[in-house]
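1. mind looking at a prediction? Sequence and model below.
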Amino acid sequence: EKGGYKHFMYKEIMEDPQALVNALVGRVKNDRPFFEELEYYEELLKDADRIRVVSCGTSYYAGLVFKYFLENHTDIDVEVEVSSEFRYKRPHIKEGDVLIAISQSGETADTLESVRLAKKHGAKIVSIVNVVGSTLDRESDVTLFMNAGPEIGVAATKTYVAELAVLYLLGLKVMEINGYWDREAEEILDKLVRMPELLENVLRKDPQIRELSEKYKDYRNFMYIGRGYGYPTALEGALKLKEITYIHATAYQAGELKHGPIALLDVDFPVFAVMPDDSLFFKTKSNVIESKSRNAPVIVLGTEGNRSLEEITGDIIHVPPTHESLYPLMMAPVIQLFAYHIADLKGLDPDKPRNLAKSVTVE
Ligand code: M6R
């Protein structure tokens, strides 16, 4: 059932492009985003000045991408909160608010409780779920399924890709409904639809990523950095590394480095820089150069064709160019494979990391 792969996690990363295809199927019509499930709920997303999102772990980072996306393209405020915090705070919910809950399993206790709390205060729940018939699916007003197929590995991989895909489409839908549809939205949708093929190209970097993992596997600390859309990717990269390799990893917005964490950096503390060719590239680059001057080894995750990356380091992983908002999707397989190979090279079982369960059904 591992399809010839050594671990489920490896197999599931290799399924990233297929998960993307499955999440998109039937959801683009006449070059516009389309959700049959939302038919009766479009009204709710109209004239919304604020959307709330709750989720945990990897699903939380997917929520952050959604926030950057919608806030960069509309005037709508998106508040993303970790479920275990949301549920114990005064709920800032009013009748008719929309709460988006993101959960692969649909069984995460804190997310379920957040949803129950929001419902009690009159919110409508739109959930993004992989497991059909799960508790979250049953308790939501609308469920947008990820359609990623079962994910066995404890680390979320292909479901992260599927979550992002559904969230981009939902973001585009919200833009359309609220009068923000424009050429750029058209371009993003077009690039999203074409992305599965490009993800296959990214997966072909696997041997190079394994080599890099071999080189870096014995470090005990990692600093992941990124700006804008690169930041959730940094967070997710650090989480993947922590949970399956047990290497300490932290993630920061690149601009925050000089506010403290740069003090950690030295020859034993590598920086994993998420720096695609986006509008913040030169800002991130200057932070990476600062890190280098502290003698930190640097890995760069950047865009093909950018020659200036070679001035920084020899350890570069390239992904194909895309719209800047879509890099979290394009880069997902890389951060997943990097963590996977380190775990494998260390002789650890990435499918069953210590102390973790696939569904966190207790708080
Ligand atoms: O099933 P959920 O999406 O609600 O799970 C949320 C987190 O528990 C989950 O993403 C966790 O962080 C993963 N192990 C990350 O790989």
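-> Structure's in. What do you need?

2. how about the residues of the stretch 1-150 of the chain by the ligand?
-> C56, G57, T58, S59, S103, Q104, S105, T108, T111 (Cβ under 6 Å from any ligand atom). C-beta coordinates here come from the backbone N, C-alpha and C atoms, glycine included.

3. how about the helix or strand harbouring the last one: buried residues?
-> Pointing back at T111 there. Assessed by DSSP states H and E, T111 sits inside helix 109-120. By neighbour count on 16 or more other Cβ atoms under 10 Å, the buried set for helix 109-120 is A109, D110, T111, L112, E113, S114, V115, L117, A118, K119.

4. the helices in this structure, which residues?
-> Using DSSP state H, the helices found in the chain span residues 8-14, 16-24, 42-45, 57-73, 83-86, 109-120, 135-139, 158-177, 183-193, 195-203, 206-216, 230-245, 281-292, 327-345.

5. can you put those helices in TSV and add mean pLDDT?
-> Below are the helices of the chain laid out as TSV (pLDDT from 0 to 100):
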stretch	mean pLDDT
helix 8-14	98
helix 16-24	98
helix 42-45	89
helix 57-73	98
helix 83-86	98
helix 109-120	98
helix 135-139	98
helix 158-177	98
helix 183-193	98
helix 195-203	98
helix 206-216	98
helix 230-245	98
helix 281-292	95
helix 327-345	98
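
6. adding distance to K352, write those out as a markdown table.
-> Shown next, in a markdown table, are the helices of the chain (distance: least, Cβ to Cβ, whole Å):
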| stretch | distance to K352 |
| --- | --- |
| helix 8-14 | 9 |
| helix 16-24 | 21 |
| helix 42-45 | 40 |
| helix 57-73 | 17 |
| helix 83-86 | 24 |
| helix 109-120 | 21 |
| helix 135-139 | 24 |
| helix 158-177 | 17 |
| helix 183-193 | 33 |
| helix 195-203 | 23 |
| helix 206-216 | 19 |
| helix 230-245 | 9 |
| helix 281-292 | 34 |
| helix 327-345 | 11 |
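
7. out of everything not next to it in sequence, what's closest to G106?
-> S134 (2.6 Å; Cβ to Cβ, 6 or more residues apart in numbering).

8. dihedrals phi and psi, the one you found?
-> phi -70, psi 170 (degrees, to the nearest 10).

9. how close does it get to L257?
-> Distance of S134 to L257, computed by Cβ to Cβ, to the nearest Å: 39 Å.
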